[in-house]
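J.: how would this look folded up:
(3 chains)
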Amino acid sequence: MKANKHLLLWSSLAALAVLLWAAVDENFLRDWRVIQWGIQARLPSSQADAFTIQLRQIVSREVGATDRCVSCHVGMAPGESGIEGDRLFGRHRDVVHDPASYGCTVCHGGQGRATDTADAHGTVPHWPEPMLPKEYLFAGCGGCHTHLSVPNLTQLEKGRARFEQADCLACHKLDGRGGTLRPGGAGGQEGPDLSRVGAYGFKANWYEHHMEQKKKAASGPWVSAFGELSESERREIDEYLRSRVGAPGLSEAKALFHTLGCRGCHKVRGVGGDDGPDLTAVGNRDPGQLSFAQVQGERTLANWFKQHFRSPAAVVQGSAMPELGLTERQVDQLTFYVLSLRRRNYPEALWPKDRIRAERFGMREFATDGATLYGTFCAACHGAGGEGMRYPGFAAFPAIGNLDFLRLVSDDFLREQIKRGRPGRRMPAWGQQEGGLRDEEISRLVAYVRDLGGAAYEGDPKPRRWVEGDVVAGERLYVKACAACHGDRGEGREGPALNNRVLLDLATDTYLFKTIQNGRTGTSMVAFGAGSTVRGALTDAEISSIVAFLRTWEGKK
Amino acid sequence: MTTDAKPTQTARSRLEPEAMPRRDFLGLAAWWSAAAALLFGFLGAMRLPKAAVLPSPSKKFKVTLPASVATGQPYVPAGRSVAIYKDGANVYAISTVCTHLGCIVKATDSGFDCPCHGSKFAKDGSVLKGPAPKGLPWVELKHLGGDIFLVDEGKAVAAGTTVIA
Amino acid sequence: MNNVVEKRNAGEESAVGRFVENLKAAPHRFTETMFRSGRPHSDRTRSTFVFGNVFLHLHSVRTHRWSLRWSATWGLGIAAFSCFFVLVATGVLLMFYYKPYPDVAYLSIKDIHFVVPTGRFIRNIHRWSGNMMVVIVLLHMARVFYTAAYRPPREFNWVTGMGLLAVTLGLSFTGYLLPWDQLAYWAITIGANIAQSPREVTDALGMTQWFDVGGLQKLILLGSEEVGEEALIRFYLFHVMILPLALVALIAVHFWRIRKDGGLARPVDADTRLGPPSGEVYPVFTEAPQKTYSLAAIVKGRTAVVGRGPEQTIPSMPHLLFGEAAVFMLTIALSVILAIFLDAPLKEVANPAVPENPAKAPWYFLGLQELVSHSAFMGGIGIPMIVLIGLGLIPYLDRETEGTGIWFGGPGGRPLVVGSAIFGLAAVVAVEAFVIRFGWIRQWWPNTPQLVVTLVNPGTLLTFLYAVYSVWCLRKYDSTRAGALALFTCFVCGFVVLTVIGSYFRGPNWDFYWSPSQWPGH
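T.: Residues are numbered from 1 along each chain as shown, chains lettered A, B, ... in the order given. Below you'll find the model as predicted:
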């Protein structure tokens, strides 16, 4: 009984001690309390008295946010001022999407319900969506602005260069730069901030308006900083301004994605190839579900992407994505863009214009000129200039800008080829698959490809099929001369597959004959019609036999 | 066997109260500490039902005042309990939550009628009749430009406060 | 009128005066009426204190000294009850904030963790004492078995105890889903598919379309094909209403039967074993040995012992109460200590599209999951049913009397238990090692019929080995108790080893790993 009394006494005291400790922990040691006390201590005494130590939150029924971030970042809570001028504990910068109505996590990510620092920032196990790193902050826009429209990167860069060249930054602010009055420009005036001009729109006649002002002015910036612009220069500036939607860097990053040909293999929101994974929500991926076995450094999504872009196969075993040989800046931009691929499901009433335009009116989120289309869908494999790509560990991709090629193919050939693809090979049928290209887009692409080589179709007076040859002899010759690159049954090795249904259907006999005879300059395909030191020339009859042999594959698999 | 060892007298005495109850410090300390632990735990647990944060969304909202709203005509934004009035260039907002028991009052030509217990309010929100203890509060309104106003249902202002559109 | 005058004349107080007096005395009288017996300063008042109190009167007034020894029970029954008490208290509190709807449930747990005052601590307590209760109930069952306390007249209480075990596991299992995180979702998916596993047999016999008991079980459990909102509301209903009520009812029966079965089991010679009583023990029933219980005359069967000489009993108040209170507070202390140091797990929100790999059932089912990895039916239903039925039948099959109330009592005793433990461990480790190293029938002959795989698998093999061994022990000692000791010990070893393997040595795709650090992708 004495032992029981002792046990009762000591267990009760232990329980009491733990309960006391829990009370202390609850009332004095919670992160948000400690931080709020710190803020209170830094406030001027008049404000400190009015400052209450309590949990704060922003609830937005519409976007479904319950964000308690403002329990620590008190100044960003509606109606509070926090510590004036402090980046973390002062007011939120003025933004279009007022945190009071949208909450915080909508843009920044992280765990809105949490009130402990690490949990709230989402850098804990089992929280799939950590906060976006500061350098990729604007990737958060992608959660709602899924279809921000981007121009061609080259044009975008040109427009930016023109914008800076024309000294627009003298009076206008853009992404935090510029807007300073020129020295000696007293009486000049500051132009509006253009950081979001793409979202709000601007007057088409801005140039005329500026010119009028310039005429009126006698001195100051109007005279010194503003000069005449040609129509093409104005178009470039217009294009650039349209891409200024308040997310610095995002348009450039997205434009890069649409220059490197990523959609040739990857679908984003239903448009693109099927070779690679769908990237629509890749920015939402849970770092906890990714393998970091081969990734050095921190276990963040951004770091994973970066290392993956540098060397895909090193991060994902057996990846079918080639090493693209990107610069560090490109790696950075692509990381930025893929982080912005973070779809959230909001009621349609909250959709931004870009999404409505794309999903309701079928508008593309990228420019649809030939160059951008080529950059979006083709460049990764066929090369930025149509030179064909040769990635370590992959068969060479055809050089479609090749003069010998372009001379032999009509626009119809190109168009049909793009539409029908090469079944069984990596070239998708862009006109047939879901998420492929529209007819007018394909036409623009054909024109662009034609321009790449700059060679016109030389025409073909002969009928599509005119070759007659000895199939047996053709097979013998094929095995000797062609099989090494094109495979024993034409299945393709280093060279393209020749037993391909679409190829054999589209290619005229002239096309096959002349390609064998003249080869393709600058590629591994030599001119078999001309001899060399190691091999005699093929006669026309022999070439015909080979063509006849190739034709035996037609209709077969 | 123990009967022999213990005289019946002792046994009988156990049925009567002990003349001087023994002081059992250990036992008492044990009971009291257990009671203290349970009580403290109970008190701590009783803090749980009082929520630290309320799940209600912000009472601030933006509203676009339609141009068709005539002077003296109430405009009640959908899903909100505020009536906005235009009086020439002056705009003001009056809460439509009855100060009696929280029913939503109905704006009429003469003012506001509460459907629950018959309170009647004048156009400026003051009580005309019924059990309402005080008038309908005017709430804060800010002009954001154009026809857009920012209303804060949660913030009462002095009656008669208007903003100029 | 006259009366009033009389009273006044008699110098008595006026009604107002009496009213004031009464008002003053009210608090004192309130206490007096609440505790009628007064302070427990004598054995008599102590007795009335116990039987005059609704909460205490379940105890007998005096308790045998044997039952008060720690080694008799280790306080496990009271500990399990204390856990239940803590669970009810904390569970009711959690219900203030919990919302049983998919995704919203998860968010409400997040709220409980982050903003509800004391919410995090209370959820932790709930989680850990829930786990403690499962452990303690299992230990309690082992204690009762090893002290042969299931013997007459306590057979039925053993069966009640089995029911309590089942309900406890059910409570823990249903509670597992409520946070609606990945851990919960996939554990319950596994659990529900175990419930569906009889389909394996009905499929093999080709009779599923007429008789799909597995599908029915799953359907009743989940209310749907998958774990979804229907399953959540059902689990919630089971967890907060049906099962707690069932548990309370069973606890009431269980406790009441302890009284009616004559207190805790003790050896017939307990008095001698205990030696002479200390000074605190006083004779009972000696003062009026002629006293009879008139009620006994109308009751059939044996009657309460009346008039027998002094027993080794001591007043329950305060001796037993101190023991119980000590165990109660010890349990609370343990659960709050666990709760302050360890947060209850909460993973990502449940996502039916992304399975956990490995998806593991709650830990107490991981032994089953290990068996299920060989055959869903035998592991999930067959063997557990055999074990449960076997356990339930123990008191009816072992009718011996030797060793009741003594640890490892009965023929064979401690050496038999040690031997069985060695055999049990060796057998389960050997079978598991063989399977992990060499695989099983399917790997060797992929076309083996399902029925063969169901019947011949490591789980059934192990059960068979244990059965053979215990029959051997039964014959060797010529005692049913010896057979029971051997079988029970073997199954305990099997359960523990399989649970440990399932918990710590199984990784993605249920492959064997020495440690989680070797798991691929980490």
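J.: what's the neighbour count on C:Q209?
T.: Burial of C:Q209 is recorded as 8 neighbouring residues (other CB atoms under 10 Å in any protein chain shown). (Glycine included, C-beta is placed from N, CA and C.)
J.: With A:V24 instead?
T.: Here the number of neighbours of A:V24 (other CB under 10 Å) works out to 10.
J.: What of C:E356?
T.: Using other CB under 10 Å, C:E356 has 19 other residues around it.
J.: sec struct for it, please.
T.: coil (DSSP: H, G, I helix; E, B strand; the rest coil).
J.: any idea how far it lies from C:Q182?
T.: 5 Å (CB to CB, to the nearest Å).
J.: same question, C:P276
T.: Using CB to CB, we find C:P276 at a distance of 62 Å from C:Q182.
J.: who has more neighbours, the two?
T.: Legend: neighbour count by other CB under 10 Å for C:P276 and C:Q182, higher for C:Q182 (22 against 11).
J.: and chain B, which residues reach chain A?
T.: For chain B, the residues in contact with chain A (CB under 8 Å from any CB of the partner chain) are B:26-27, B:29-31, B:33-34, B:36-37, B:40-41, B:44, B:52-53, B:55-58, B:60-62.
J.: again, but for the stretch 1-150 of chain C
T.: By CB under 8 Å from any CB, the residues of the stretch 1-150 of chain C that approach chain A are C:68, C:70, C:107, C:110-111, C:114-115, C:117-118, C:121.
J.: Turn the residues you listed into TSV, columns for secondary structure, distance to C:I220 and neighbour count.
T.: Formatted as TSV, the residues of the stretch 1-150 of chain C next to chain A follow (DSSP: H, G, I helix; E, B strand; the rest coil; distance: CB to CB, whole Å; neighbours: other CB atoms under 10 Å in any protein chain shown):
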residue	secondary structure	distance to C:I220	neighbour count
C:L68	helix	45	20
C:W70	helix	43	13
C:L107	helix	28	17
C:K110	helix	30	22
C:D111	helix	31	21
C:F114	helix	35	24
C:V115	coil	36	23
C:P117	coil	38	19
C:T118	coil	36	23
C:F121	helix	35	26
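J.: And those, which is closest to B:V163?
T.: C:V115 (35.9 Å; CB to CB).
J.: Am I right that A:A281 is in contact with A:S340?
T.: No: checked against CB atoms under 8 Å, the pair A:A281 and A:S340 is beyond contact range at 11.1 Å.
J.: Grab the nearest non-local neighbour of B:P77.
T.: B:V63 (4.8 Å; CB to CB, 6 or more residues apart in numbering or on different chains).
J.: Give the partner strands of the strand or helix carrying that neighbour in its sheet and their orientations.
T.: In this structure, B:V63 is located in strand B:60-64 according to DSSP states H and E. The strands beside strand B:60-64 in its sheet (DSSP bridges) come out as strand B:148-157 (antiparallel).
J.: next one: the partner strand to chain centre, how far?
T.: Remark: strand B:148-157 is offset 19 Å from the chain centroid, using CA atoms, centre = their mean, to the nearest Å.
J.: model confidence over the helix or strand following that strand, on average?
T.: Using DSSP H and E, the helix or strand that follows strand B:148-157 towards the C-terminus is strand B:163-164. Strand B:163-164 shows a mean pLDDT of 84.
J.: How about residues contacting strand B:163-164?
T.: With contacts defined as CB atoms under 8 Å, 6 or more residues apart in numbering or on different chains, strand B:163-164 is touched by B:89-92, B:141-143, B:149.
J.: Apply 10 Å and report the result again.
T.: The contact list for strand B:163-164 (CB atoms under 10 Å, 6 or more residues apart in numbering or on different chains) reads B:88-93, B:140-143, B:149-150, B:157.
J.: partners of it in the sheet?
T.: strand B:90-95 (antiparallel).
J.: follow-up on the earlier one: who touches both of C:E356 and C:Q182?
T.: In contact with both C:E356 and C:Q182: C:347-348, C:350, using CB under 10 Å, 6+ apart.
J.: Tell me which residue of the stretch 351-500 of chain A lies closest to chain B.
T.: Closest residue of the stretch 351-500 of chain A to chain B, CB to the nearest CB: A:P352 (16.8 Å).
J.: I figured that residue hits A:A247, correct?
T.: No: look at A:P352 against A:A247 with CB atoms under 10 Å: they stay out of range, at 11.8 Å.
J.: shared neighbours, the two?
T.: With CB under 10 Å, 6+ apart, A:P352 and A:A247 have common neighbours A:141, A:145, A:148, A:199.
J.: Show me just the buried residues among the residues you listed.
T.: For the shared contacts of A:P352 and A:A247, a burial check counting by 16 or more other CB atoms under 10 Å in any protein chain shown picks out A:141, A:145, A:148, A:199.
J.: Distance from the helix or strand that contains A:H6 to the middle of the chain?
T.: Using DSSP H and E, A:H6 maps to helix A:2-24. In terms of CA atoms, centre = their mean, the gap separating the centre of helix A:2-24 from the centre of its chain is 61 Å.
J.: Output the contacting helices and strands for it.
T.: Applying 3 or more CB pairs under 10 Å, 6 or more residues apart in numbering or on different chains; DSSP states H and E, we find helix A:2-24 packed against helix B:25-45, helix C:70-73, helix C:119-146, helix C:316-341.
J.: residue ranges with poor pLDDT in the stretch 251-400 of chain C?
T.: Applying pLDDT under 70 to the stretch 251-400 of chain C picks out residues C:278-311.
J.: scratch that, chain B
T.: Residues of chain B meeting the criterion pLDDT under 70: B:1-22.
J.: Close to chain B: what parts of the stretch 301-450 of chain C are there?
T.: Selection of the stretch 301-450 of chain C residues close to chain B by CB under 10 Å from any CB of the partner chain yields C:309-312, C:315, C:318, C:321-322, C:325-326, C:328-329, C:332-333, C:336.
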